[in-house]
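J.: this is a predicted model, with the sequence first.
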Amino acid sequence: MTTLQIYNKQLSDLMARLKERFLTHEPPSEKHDKAFFEMVKKETEPMYLLLRKWHQAAEEFVQQREVSVHPQQVKSTEENVHLIILHSYYIDIKSERYMDYHQSIGYVIQLLDEDLDRIEGYNGEGENK
């Protein structure tokens with residue numbers, strides 16, 4: 001399994017957990033509460049770290065290969081994940097819009113996985129095996 005495939009799986013798992021949070025939690029009573037902000041900051045830090053790693057690996061992959069995902073889609077997906085992370089805690093957008101972001105992220109991850117499966121010999125380090 002390549003590094004990007006691992007990150008895709010981890011990001012997919014994260015998206016599922018965030019979706020569950022969005023659907024089962026109530027919005028915070030006070031969005032400017034310092035304790036809530038600190039809790040969100042602490043819980044989301046590892047998520048943003050994963051996102052940075054995923055973005056770097058995905059960007060390298062799509063720039064080096066003939067694939068169906070374009071670099072702009074990787075950038076847009078990164079931006080959408082940022083939004084999903086925040087909206088999962090603040091629960092401040094309509095469910096339909098949240099699901100649109102969620103579906104878009106899943107679609108790009110699926111395309112990347114399909115491209116990775118199609119390109120045999122890609123080792124995830126920018127080189128062929």
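T.: Thanks, I have it.

J.: can you tell me the element the nearest residue to V108 once chain neighbours are set aside falls in?
T.: In this structure, V108 finds its nearest non-sequential neighbour in T77, 4.5 Å apart by CB to CB, 6 or more residues apart in numbering. In this view, the C-beta of every residue, glycine as well, is placed from N, C-alpha and C. T77 belongs to helix 71-90 when assigned by DSSP states H and E.

J.: after that helix, which helix or strand is next? Please name it.
T.: Under the assignment DSSP H and E, the closest C-terminal helix or strand after helix 71-90 is helix 95-118.

J.: verify the stated contact: the residue nearest to V108 with I105.
T.: Yes. Taking contacts as CB atoms under 8 Å, T77 lies within contact range of I105: 5.5 Å.

J.: ok, these two, which is more surrounded?
T.: Taking neighbours as other CB atoms under 10 Å, T77 and I105 compare with T77 leading, 25 against 22.

J.: what residues are up against that one?
T.: 58, 104-105, 108-109 (CB atoms under 8 Å, 6 or more residues apart in numbering).

J.: in this structure, where is pLDDT below threshold?
T.: Residues of the chain that meet the criterion pLDDT under 70 lie in 120-129.

J.: so the longest helix along it versus helix 95-118, what angle?
T.: The longest helix of the chain (DSSP state H) is helix 34-64. Using axes from the mean of the first three to the mean of the last three CA atoms, to 10 degrees, the inter-axis angle of helix 34-64 relative to helix 95-118 is 40 degrees.

J.: ok and helix 34-64 relative to helix 71-90, angle-wise?
T.: 160 degrees.

J.: show me what helix 34-64 is packed against.
T.: Judged by 3 or more CB pairs under 8 Å, 6 or more residues apart in numbering; DSSP states H and E, helix 34-64 is in contact with helix 3-24, helix 71-90, helix 95-118.
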